[in-house]
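In: Sequence and predicted model, in that order:
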Amino acid sequence: MPRLAHLALLSFFCVATAEAAEFWIPEGDEVFGEVQVVEARFEDTFVGLARTYNVGFEELKQANPGVDAWLPGAGTKITIPTRYVLPRAAQQGIIVNVAELRLYYFPADSKPPPEGVAPGSKRVITHPISIGRLDWGTPIGVTKVTSKVVNPSWYPPQSIRDEHAARNEPLPRIVPPGPDNPLGKHALRLALGSYLIHGTNLPSGVGMRVTHGCIRMFPEDIEAMYKTVPVGTSVNIVNQPVKLGWTADGTLYLEAHPALHESNVDGEGVADEADEPVQESPLTSLMRAYIAATDQRRVELDWNAAERVAQGGSGIPEAVSVAGSARPITAEIAAASHSNSR
């Protein structure tokens, strides 16, 4: 196992090892986890490291610009981006952030916190995912899990069969369970057409835009989800390339990822003359996230740092607020803001 060097540590509790996907977040925190640095071995690749540390291929590329993903080289320091800002959405059920290529699951059971975890802490499980490629985008919106399937058969739609036929790789109408089935061994069906959250027979592609719109996971991750996610669980699919989140001490952290090329942000962007979504700039996404994050309390932002992080898109959260400047929005402040906006 490569030697770990901790870069940043917040007041959180992570179950088991660096590879764990379950975290307990203290009340008042929206940022959790820790960034790690590992020393690559000669045989390491980003594909292998991604599965070891439960991160995605693109996440590793964003966090390690200039490093060869296929041959990092023995002794190269690799940043493992295992610190996260929660998406700005109701913390319940499953949240999928397509811009981040990551899923968050908030179990509804009453599992007590482990010893040493602060009362009131919230449990979250997070995993990397693959989403639809440019011409087969994963839809945004709220849905739910309608059923769970072991060893699912795949019924490729005609459009996918036509695509394979054009490559001289014909597909049958039904692909039975087995090593050639791209759905893997477990699947969660969604109330969203034919879309699934499923495993894969090609785990090297997890953390990339490679699917026909479904949400793909490492086999061990979807197996764990299959065992714990009840039918009826809500699934909120969002598109948030820029996320801002608070820590309990009043610090605001910013995490940014490259925007999806063909999509606006959570359906709020503008369209061009052909009624196609216009990609939102990082700074516009930053302003949108800032407004949402400061609806209950104010903070003085280091705008130079915030713009640098938003435009960099490394996926690593950084503090962007001025220390000690956070304060709640009182009735007087709210009234003054309303008056000034008139």
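Out: All right, it came through fine.
In: Can you show me the CA trace of the host helix or strand of Lys227 as PDB?
Out: With elements taken from DSSP states H and E, the one containing Lys227 is helix 219-228. C-alpha atoms of helix 219-228 as PDB (Å, rounded to 0.1, in the frame of the first residue of the first chain):
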ATOM      1  CA  PRO A 219     -19.200  -3.500  -9.200                       C
ATOM      2  CA  GLU A 220     -18.400  -3.500  -5.400                       C
ATOM      3  CA  ASP A 221     -20.100  -0.100  -5.000                       C
ATOM      4  CA  ILE A 222     -23.300  -1.000  -6.700                       C
ATOM      5  CA  GLU A 223     -23.400  -4.300  -4.800                       C
ATOM      6  CA  ALA A 224     -23.300  -2.400  -1.600                       C
ATOM      7  CA  MET A 225     -26.000   0.100  -2.800                       C
ATOM      8  CA  TYR A 226     -28.200  -2.800  -3.900                       C
ATOM      9  CA  LYS A 227     -28.000  -4.200  -0.400                       C
ATOM     10  CA  THR A 228     -28.800  -1.000   1.400                       C
END
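In: List the contacts of it.
Out: For helix 219-228, contacts defined as C-beta atoms under 8 Å, 6 or more residues apart in numbering pick out 21, 54, 105, 107, 109, 125, 127-128, 148, 150, 184-188, 197-200, 203, 217. Every residue, glycine included, has its C-beta placed from N, CA and C.
In: and what of stretch 312-319?
Out: Counting by C-beta under 8 Å, 6+ apart, residues outside stretch 312-319 touching it are 31, 35, 59, 62-63, 65, 79, 81, 83-85, 100, 241, 245, 251-258, 282, 305, 309.
In: try 7 Å
Out: 31, 35, 59, 62-63, 81, 83, 85, 251, 253-258, 305, 309 (C-beta atoms under 7 Å, 6 or more residues apart in numbering).
In: Neighbouring strands - and their directions - for the longest strand along the chain?
Out: Determined from DSSP state E, the single longest strand within the chain is strand 141-150. When pairs are called by DSSP bridges, strand 141-150 turns out to pair with strand 186-190 (antiparallel), strand 234-238 (antiparallel).
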